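Participant: Sharing a sequence plus its predicted fold:
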Amino acid sequence: QRRMFTNVEMDNSTGVAVIKMNSPPVNSLSLEFLTEFAINMEKLEMDRGCRGVILTSSVPRIFSAGLDITEMYGKTPEHCGAFWRAVQEMWLKLYGSSMITIAAINGSSPAGGCLMAISCDYRIMTDYPKYSIGLNETKLGIVAPFWFKDTMINCIGNRATEHSLQLGLQYNPPEALKVGLVDQLETEDKLMTTASSVMSQWLAIPDHARQITKSMMRKPIIDQLLRQREADVQNFVKFITKDSIQKSLQMYMEMLKQKKG
Ligand SMILES: CC/C=C\C/C=C\C/C=C\C=C\CC(=O)SCCNC(=O)CCNC(=O)[C@H](O)C(C)(C)COP(=O)(O)OP(=O)(O)OC[C@H]1O[C@@H](n2cnc3c(N)ncnc32)[C@H](O)[C@@H]1OP(=O)(O)O
C-alpha cells in the first residue's frame, strides 16, 4: 500500500484546502513526498471550487526539514536527476499557483522547508524561540540554486538575501519577522484560526485581479527556470555527485546524528 506524506482537507463551504505535511520524524522532502505534493497541488489547481490553500505540518515542532539529504547522498546520477526534477515541480506548482497560498509555519523550517514557505503568498509562524527558518544551504557546503535565491529576493530583498544566503542564516521567529521572512507571528493555539482569518481577507479580492498581479510578480523567475529546466537538472547532478560535495553531505548527516546522541 502506498504511503501518504500529506493530508489534504478541502472545505467546500469556504473553498479553502488545508495541506498538512505528515512525514515523521521531520517532514523531509523525499522524491515520493515531492511527487505526491505536486500531484495534490495540481488536483487542487484543477478544482474550480478551491481558491486557497493553507500549508502546515502535522509533525510536532517541525514544518519541514527541507530536502531529504539521503536522496542526494550515495545515489546514482539518474536518481539525483529524478529527485531534482521533483524539487523543481514542487516549486513550480507552489510558486506558480493561481490559488491563495498561506504557510502556517508551526515548527522549524530550514532550507527546502523555508523554500516552501517563501513560495507561498503569506507566512504566519508560531512564536516559539526554538523554531527557526532560513536557507542554510551553505552550512551543508552546498549552493542554493538561482530560483531558491530569487524566491528569497522577492520575499526579503537583495541585500538581506545576500547576507542570509552567504552565511546560511537561520532566524528565530522574531528575527524572521524583522527581516520580512515571515509576515506575522502567532501563538501555537491560534495559528490556524489566524491563518483562516488572513485567508478570508485575501479571498475578498477578486480572483482574476489577484491572480494576474501574482503572475506578473512571479512569472519572470518561473519562466527562467522553465527555459533552462534540463540544464538546471544537469547542473545539480554534476554538482551534487562531486566527491567533495558528497563528503560535505556525509559530514553534515554525521553531525545531525551526533547532535542527537
Ligand atoms: C552551483 C549550484 C548548482 C546547482 C544547485 C546545487 C545544489 C543545491 C542542492 C540542494 C539544496 C538543498 C536544500 C535542502 O533542503 S538540503 C536539507 C537541509 N536541511 C537541513 O539542514 C535540516 C537538517 N535537520 C535539522 O536541522 C534538524 O533535524 C531539525 C531542526 C529539522 C529537527 O531537529 P530534531 O532534533 O527534532 O530532529 P533530529 O534528531 O535532528 O532529526 C531526526 C532524524 O531526521 C533526520 N533528518 C533531519 N533532517 C533531515 C533531512 N533534511 N534529510 C534527511 N534526514 C533528516 C536526522 O538525521 C535524524 O535521523 P535519525 O533518527 O538519527 O536516523
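Facilitator: Nice, thanks for sending it over.
Participant: what about residue 177, neighbour count?
Facilitator: 17 (other Cβ atoms under 10 Å). Every residue, glycine included, has its C-beta placed from N, CA and C.
Participant: Identify the residue nearest it in space, chain neighbours excluded?
Facilitator: Computed as Cβ to Cβ, 6 or more residues apart in numbering, the closest residue to residue 177 that is not its neighbour in sequence is residue 185, at 5.5 Å.
Participant: is it fair to say the one you found lies in a strand?
Facilitator: Yes - assignment of residue 185 by DSSP: H, G, I helix; E, B strand; the rest coil places it within a strand.
Participant: just checking, it touches residue 123?
Facilitator: No - Residue 185 lies out of contact with residue 123 (Cβ atoms under 8 Å); the separation is 9.9 Å.
Participant: Neighbour count for these two, which is higher?
Facilitator: residue 123 (28 against 18).
Participant: quick one: contacts of the strand or helix carrying the more buried one?
Facilitator: Following DSSP states H and E, one finds residue 123 within strand 122-126. Residues from elsewhere that reach strand 122-126 (Cβ atoms under 8 Å, 6 or more residues apart in numbering): 100-107, 109, 117, 131, 133, 173, 176-177, 181-188, 191, 194-195, 198, 202.
Participant: among those residues, which are in strands?
Facilitator: 100-105, 109, 133, 184-186 (DSSP state E).
Participant: nearest to the ligand, of the residues you listed?
Facilitator: Minimum distance to the ligand across the ones in strands among the contacts of strand 122-126 is 8.3 Å, recorded for residue 109 (Cβ to the nearest ligand atom).
Participant: and the helix or strand in which residue 165 is found, how far out from the chain's middle?
Facilitator: Assessed by DSSP H and E, residue 165 sits inside helix 158-167. How far helix 158-167 lies from its chain's middle: 18 Å, per Cα atoms, centre = their mean, to the nearest Å.
Participant: Residue 39 should be in a helix, yeah?
Facilitator: Yes - with three-state DSSP as the criterion, residue 39 is located in a helix.
Participant: Done for today, thanks.
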